[in-house]
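From the sequence below, what's the structure:
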Amino acid sequence: MAKKPVSTTSHKSSAQPHFSQKAGELQAFGTVTNTMPLQLEESVRLEMTEQLNQLLADTMTLRDLYKKSHWQVSGATFYQLHLLFDKHYEEQSELVDTIGERIQLLGGISIAMAADVAELTRIPRPPKGREEVPVQLSRLLDAHQVILSHCRELAERADKLGDDGTNDMVVSDVLRTGELQVWFVSEHLVEAPLVEADSERQSA
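Residues are numbered from 1 along each chain as shown. Below you'll find the model as predicted:
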C-alpha cells in the first residue's frame, strides 16, 4: 500500500482569526489571464479590458455625479430631480457592476478604488459646493456625452475584433441606458411655460 506524501507545512485548525496578513498580488493590473477558453486572442482581451476600464472609470464618475446632484439639488424642481437623480444613480451603479464583471470575465483586472478612478476618468471634476440646477443638468449631460461617444467607438472596435460579448454589453446596457437618461435630463432644460401658455407664440 502506497504511503501518502508527508506535508512539510502543518496547518492546525483554530478559532483564532489571522490578522494583518500580507502577500504579493495574484495578478498585475493591465494584464489578462489565459485560464478561460473564451476563443478570444490575448491581444484582443488586453485591448478590450483597457478600453473597458476607461469606460468603467467614466461610468463610476457619472454615477457619483448623480449622487452628488441628488444630495445637493435645490429649488422648485427639487422633488422631481431628487428622485430622478437617485434613479439614474442606481441604474449607473448596475452598469458599473456589469462593466467590471465583463473585465474580469475577459481575464483582466477592474479598477475599483476612488483614487484610481480619479486618475483615469476623462470627466471633469465638479466643485465640492452646490451648483444651480441648470449647471448640474448641463454637467451631467456633458459627462454622458463622454461616455456615449466612447461607447460607439468601443462597440465598433469590439465588433471588428470579434468580441461579440463586449459589443452587446456596450450597446445593449451602457449605450441604451445612457441615451434614455440623456432624454430625461435634457427635458428639464426646456424653457416651457408651467401655468400659462405663450399666447404670442400661439398667434404667430
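
Please name the residues that touch the most centrally placed residue in the chain.
Centroid check for the chain by Cα atoms, centre = their mean gives T59 as the closest residue, at 2.9 Å. For T59, the contacting residues are Q92, L95, V96, I99, I147, V174, by Cβ atoms under 8 Å, 6 or more residues apart in numbering. For every residue, glycine as well, the C-beta is placed using N, CA and C.

which two in those residues are spaced the farthest apart?
Of all pairs drawn from the contacts of T59, the greatest distance, 11.7 Å, lies between V96 and I147 (Cβ to Cβ).

the more surrounded of the two?
Taking V96 and I147 together and counting by other Cβ atoms under 10 Å, I147 has the greater number of neighbours (26 against 20).

in the helix or strand hosting the more buried one, what counts as buried?
When secondary structure is defined using DSSP states H and E, the element that contains I147 is helix 133-161. Residues 133, 136-137, 139-140, 143-144, 146-148, 150-151, 154-155, 157-158, 161 are the ones in helix 133-161 that count as buried (16 or more other Cβ atoms under 10 Å).

Let me have the contacts of T59 in a markdown table, adding secondary structure and distance to G30 as columns.
Formatted as a markdown table, the entries for the contacts of T59 read as follows, by DSSP: H, G, I helix; E, B strand; the rest coil; distance: Cβ to Cβ, whole Å:
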| residue | secondary structure | distance to G30 |
| --- | --- | --- |
| Q92 | helix | 25 |
| L95 | helix | 22 |
| V96 | helix | 20 |
| I99 | helix | 17 |
| I147 | helix | 22 |
| V174 | helix | 22 |
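
ok, so of these, who is nearest Q16?
Sorting the contacts of T59 by how near they are to Q16, with Cβ to Cβ, puts V96 at the top with 36.6 Å.

for the closest one, what are its contacts?
Shown here is V96, whose contacts under the criterion Cβ under 8 Å, 6+ apart are L56, T59, M60, R63.

Which of the residues you listed fall in helices?
In helices, judged by DSSP state H, the following of the contacts of V96 are found: L56, T59, M60, R63.

Helix, strand or coil: sort out the closest residue to the third one other than its chain neighbours for me.
Distance criterion Cβ to Cβ, 6 or more residues apart in numbering; nearest residue to M60, sequence neighbours excluded, is V117 at 5.0 Å. On the three-state scheme (DSSP: H, G, I helix; E, B strand; the rest coil), V117 is labelled helix.

Please work out how many residues are found near V117.
21.

show me the contacts for it.
Shown in contact with V117 (Cβ under 8 Å, 6+ apart): A57, M60, T61, I111.

In the residues you listed, find the pair that's most separated.
Looking across the contacts of V117, with Cβ to Cβ as the criterion, the two at the greatest separation are T61 and I111, at 11.3 Å.

Between these two, tell me which one has more neighbours.
For T61 versus I111, neighbours defined as other Cβ under 10 Å are more numerous around T61 (24 against 20).

For the more buried one, which residues are in contact?
With contacts defined as Cβ under 8 Å, 6+ apart, T61 is in contact with V117, T121, I123, A143.

circling back: looking at the contacts of V96, which has the most residues close by?
Highest neighbour count within the contacts of V96: T59, with 29 neighbours (other Cβ under 10 Å).
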